[in-house]
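Peer 1: Fold the following and give me the result.
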Amino acid sequence: MATEKRFQITITGKVQGVFFRHSAKRKADELGISGFVRNMPESSVYIEAEGEEKVLQEFIAWCRKGPELARVDHVTIEESPLVNEKGFSIKE
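Peer 2: Numbers count the residues shown, from 1 in each chain. As a prediction, the model looks like this:
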């Protein structure tokens, strides 16, 4: 049986104004990941992602690159408790 996990992911660099949130949603939907993405005041992007550990690792690998116009400098990942969220949303 697959192991479900939830991660808090913070991405810094040139990650706002480059369609990072929309691209992250598209990738999460493609992988069947639940959670949300939002821009943060200090110009980072914050994601909570929940799903099978294997697909989360694929999503995190994508986060380390981001969309074409992004420049990812650093990715911080922390595990958090499952909330059994359904779907992936973009929060303002």
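Peer 1: which residues of the chain fall in strands?
Peer 2: 4-14, 34-39, 45-52, 71-80, 88-91 (DSSP state E).
Peer 1: Deepest-packed of those strands, please.
Peer 2: Ranked by average neighbour count under the criterion mean count of other Cβ atoms under 10 Å, the strands of the chain are headed by strand 45-52 at a mean of 22. Bear in mind the C-beta positions are built from the backbone N, C-alpha and C, glycine included.
Peer 1: if I read this right, Arg38 contacts Lys25, doesn't it?
Peer 2: No - between Arg38 and Lys25 there is no contact, the gap being 11.0 Å when judged by Cβ atoms under 8 Å.
Peer 1: shared neighbours of those two, anything?
Peer 2: Taking Cβ atoms under 8 Å, 6 or more residues apart in numbering as the contact criterion, the common neighbours of Arg38 and Lys25 are Ile90.
Peer 1: Nearest approach to Phe20 belongs to which of the strands of the chain?
Peer 2: strand 45-52 (5.2 Å; Cβ to Cβ).
Peer 1: Having no further points to raise, I will conclude here.
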